[in-house]
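**Student:** Compute the structure for the input listed below.
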Amino acid sequence: MFKKQDIELNSDYDRTLDLIKKELGEGESFDIVVREFKIAGQKSALIGIDGLIKDDVMTWIMQSLFLLKDSRSEHIKSTLQTAIPYIELSREDNIDELLYLVLSGSVLLVVDGLKELLVIDARTYPSRNPEEAEIERVVRGSRDGFTETIVFNTALLRRRVRDPKLRIKMMRVGRRSKSDVCLCYIKDIADPDLVATISSKIEAIEIDAVPMAEKAIEELIVPGNWWNPFPRVRYTERPDVAAAHLFEGHVLVMVDTSPSVIIAPATYFHHIQHAEEYRQNPVVGSYIRGVRFLAVMASIIITPLWMLFALSPELLPDFLEFIGPKKIGQVPVFIQFIIAELSLDLIRMAAIHTPSPLATALGVIAALLIGDIAVNIGLFAPEIILYTAVVAVGSYCTPSYEMAMANRLVRFFILLATGFFKLPGLIISSILSLLLVAFTRSFDVPYLWPLIPFNYRAFKSIIIRSPVPIQNLRPEVLHPRDRRRQPVPALKRRNK
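**Tutor:** Below you'll find the predicted structure:
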């Protein structure tokens with residue numbers, strides 16, 4: 001790519017057209033469309049990318065241009081401004097910006113005698129309909145979800161946040177890909193320092209491209225160590241979840257070509273809350289949340305704890321004597337658990353890559369061959385299959401896929417320590433895991449807030465799903481400019 005200052009445009013039509021054709025590779029790439037014609041007696045050309053422009057709009061514009069009568073070159077600029085019946089029309093003379101615009105889907109209009117090119121933003125991207133996110137389904141609620149087109153995503157967000165203070169700042173990332181990245185926040189709620197920090201980090205990115213979209217952006221802007229498995233931002237594909245976090249004071253990062261939106265900052269407890277809890281009655285929502293918390297804890301500790309009791313039965317109290325394998329089998333218990341953990345990951349990876357028509361066959365293979373037959377031949381103790389299945393269910397109950405994977409690594413670490421050092425290994429590895437979580441931060445927000453540091457009001461709202469009328473305070477850890485939410489007008493009238 002050339003530098004901006006290396007090439008300057010002038011009013012020479014042939015030179016400008018040849019320059020743009022050369023830079024875009026017209027003749028080498030089949031999808032570069034150049035349509036030359038005359039406007040009011042002046043040589044002109046439309047330049048665009050086939051598949052990224054709206055053909056009906058361009059036909060309509062060309063019909064309007066063909067109706068123009070001959071005009072002198074000094075009048076052609078004002079003539080075009082009024083003759084093109086399209087709302088998204090601008091002028092540009094920077095060659096680097098022009099190439100970015102045409103590669104993004106805009107159409108360039110080159111006219112003899114004009115130094116500036118007209119940019120017609122008649123782009124259209126291949127996209128799917130806004131469908132409900134697979135991993136964030138709810139029984140009752142909205143069924144739309146973010147897509148791979150950033151303009152659709154901002155529209156879904158605007159539909160729920162009709163606040164004039166909502167700001168959606170567009171930036172570009174990647175020297176070659178020039179991917180669109182949007183920073184979304186509510187100006188009079190979000191912490192200005194947080195907004196400035198995230199914005200400056202995105203603008204400072206120096207990389208050729210971000211083909212992995214939001215994941216690449218996360219690794220480039222989130223402070224901390226890469227070896228820490230705990231996710232320091234939350235992902236969502238639900239517009240209602242994204243809007244709820246905006247009103248709390250969070251900042252969203254959208255990346256074009258990705259349906260996942262980054263929510264920053266995020267604590268551990270953000271990752272284990274789900275929209276379903278707020279789509280049900282507060283009592284039901286609190287029950288669902290409590291069950292989910294238990295499932296998450298079980299997915300981390302249940303297999304290391306059971307293995308400890310199996311390896312050291314003297315630690316068991318009398319009323320728990322039923323715990324532990326009656327028949328250990330041909331393989332040591334520790335090795336059985338390692339094989340079972342790896343088998344879970346193998347099945348998960350196979351399920352991702354298995355075509356849908358063969359998914360049932362994969363389930364039969366996993367249940368019969370890996371499960372039942374392995375027990376019958378003595379490879380696994382039956383209890384190990386049971387507790388491994390409980391752990392898998394607990395992982396699937398974790399709303400955040402990234403947090404489920406982090407918990408899995410923590411469980412594996414504790415399992416290894418327990419297998420080698422028994423009770424001391426279990427205690428020390430658990431403490432080290434807790435310390436890792438406690439010292440983790442997400443954009444200067446403590447990861448275990450409101451547990452560490454303790455905040456009673458916020459911690460109560462984490463444990464118990466609060467009714468809507470009393471959810472009137474924003475989390476102070478986000479340093480919101482407007483800390484108290486405005487009460488709902490209907491409730492105010494009802495209270496009167």
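**Student:** elements contacting the helix or strand hosting L434?
**Tutor:** If you go by DSSP states H and E, L434 is part of helix 401-439. Helix 401-439 is packed against helix 282-311, helix 333-353, helix 382-396, with contacts defined by 3 or more C-beta pairs under 8 Å, 6 or more residues apart in numbering; DSSP states H and E. Bear in mind the C-beta positions are built from the backbone N, C-alpha and C, glycine included.
**Student:** residues making contact with the helix or strand that that helix is followed by?
**Tutor:** Toward the C-terminus, helix 401-439 is succeeded by strand 441-442 as the next helix or strand (DSSP H and E). With contact meaning C-beta atoms under 8 Å, 6 or more residues apart in numbering, strand 441-442 is reached by 222-224, 232-233, 264-267, 447.
**Student:** Now with 7 Å, please.
**Tutor:** 232-233, 264-267, 447 (C-beta atoms under 7 Å, 6 or more residues apart in numbering).
**Student:** Farthest pair within the residues you listed?
**Tutor:** The largest separation in the contacts of strand 441-442, counting by C-beta to C-beta, is between A264 and Y447 at 12.7 Å.
**Student:** From L448, how far out is the residue nearest to F293 when sequence neighbours are not counted?
**Tutor:** Once flanking residues are discounted, F293 sits nearest to I272: 6.7 Å by C-beta to C-beta, 6 or more residues apart in numbering. Distance, I272 to L448, by C-beta to C-beta, to the nearest Å: 12 Å.
**Student:** Please apply the same query to E276.
**Tutor:** E276 is 24 Å from L448, by C-beta to C-beta.
**Student:** May I ask which helix or strand of the chain has the lowest mean pLDDT?
**Tutor:** helix 489-495 (a mean of 43; mean pLDDT, DSSP states H and E).
**Student:** which residues touch the residue minimising distance to the centre of the chain?
**Tutor:** For the chain, S260 is the residue whose C-alpha lies nearest the centre (C-alpha atoms, centre = their mean; 2.7 Å). Residues in contact with S260, defined by C-beta under 7 Å, 6+ apart, are 214, 235, 237.
**Student:** for the closest residue to the second one other than its chain neighbours, phi and psi?
**Tutor:** The one in question is Y235. Spatial nearest neighbour of Y235, excluding adjacent residues (C-beta to C-beta, 6+ apart): S260 at 4.5 Å. Main-chain dihedrals, S260, degrees, to the nearest 10: phi -90, psi 130.
**Student:** Same question for G48.
**Tutor:** Reported as degrees, to the nearest 10, the phi and psi values for G48 are phi -160, psi 180.
**Student:** what about it, how many residues close to it?
**Tutor:** 25 (other C-beta atoms under 10 Å).
**Student:** Buried ones in stretch 23-38, by neighbour count?
**Tutor:** Judged by neighbour count using 16 or more other C-beta atoms under 10 Å, the buried positions of stretch 23-38 are 23-24, 26, 32-34.
**Student:** hang on, R279 packs against S142?
**Tutor:** No. Here R279 does not reach S142: they are 9.4 Å apart, not a contact under C-beta atoms under 7 Å.
**Student:** Any stretches of the stretch 1-150 of the chain with poor pLDDT?
**Tutor:** 1-7, 70-75 (pLDDT under 70).
**Student:** let's see it at 90
**Tutor:** Low-confidence segments of the stretch 1-150 of the chain, defined by pLDDT under 90: 1-13, 27, 37-43, 51, 53-91, 93, 112-116, 121-143.
**Student:** Quick one: the strands in it, in order.
**Tutor:** Ranges of strands within the stretch 1-150 of the chain are 32-39, 42-49, 89-92, 107-111, 117-120, based on DSSP state E, counting those that start in this stretch.
**Student:** L67 versus R91, what's the distance?
**Tutor:** Using C-beta to C-beta, R91 is found at 22 Å from L67.
**Student:** Pick out whichever of those two has more residues nearby.
**Tutor:** Shown here are R91 and L67; by other C-beta under 10 Å, R91 has more neighbours (14 against 10).
**Student:** What is the end-to-end distance of stretch 101-116?
**Tutor:** Distance across stretch 101-116, first residue to last, is 14 Å (C-alpha to C-alpha, to the nearest Å).
**Student:** so V390 sits right up against A298, yeah?
**Tutor:** Yes. Look at V390 against A298 with C-beta under 7 Å: they come within range, at 6.2 Å.
**Student:** any weak-confidence spans in the stretch 251-400 of the chain?
**Tutor:** In the stretch 251-400 of the chain, residues with pLDDT under 90: 278-281, 306-307, 309-337, 339-390, 392, 396, 398-399.
**Student:** Return the distance of stretch 287-299 from the chain's centre.
**Tutor:** Distance, stretch centre to chain centre, for stretch 287-299: 24 Å (C-alpha atoms, centre = their mean, to the nearest Å).
**Student:** what does it rub up against?
**Tutor:** Stretch 287-299 is contacted from outside by 272, 274, 276-277, 280, 390-391, 393-395, 397-398, 407, 411, 465, using C-beta under 7 Å, 6+ apart.
**Student:** Pull out the buried residues from those residues.
**Tutor:** Here, 16+ other C-beta under 10 Å leaves 272, 274, 276-277, 280, 390-391, 394-395, 397-398, 407, 411, 465 buried among the contacts of stretch 287-299.
**Student:** re earlier: pLDDT added to the contacts of S260, as CSV?
**Tutor:** Shown next, in CSV, are the contacts of S260 (pLDDT from 0 to 100):
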residue, pLDDT
E214, 91
Y235, 95
E237, 94
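**Student:** rewinding a little: for the helix holding L434, the distance to its chain's centre please.
**Tutor:** Distance, centroid of helix 401-439 to centroid of chain: 27 Å (C-alpha atoms, centre = their mean).
**Student:** Let me see the mean pLDDT of that helix.
**Tutor:** The pLDDT scores in helix 401-439 average 94.
**Student:** what's the spacing between the closest residue to V333 other than its chain neighbours and L316?
**Tutor:** Once flanking residues are discounted, V333 sits nearest to A310: 5.1 Å by C-beta to C-beta, 6+ apart. A310 sits at a distance of 10 Å from L316 (criterion: C-beta to C-beta).
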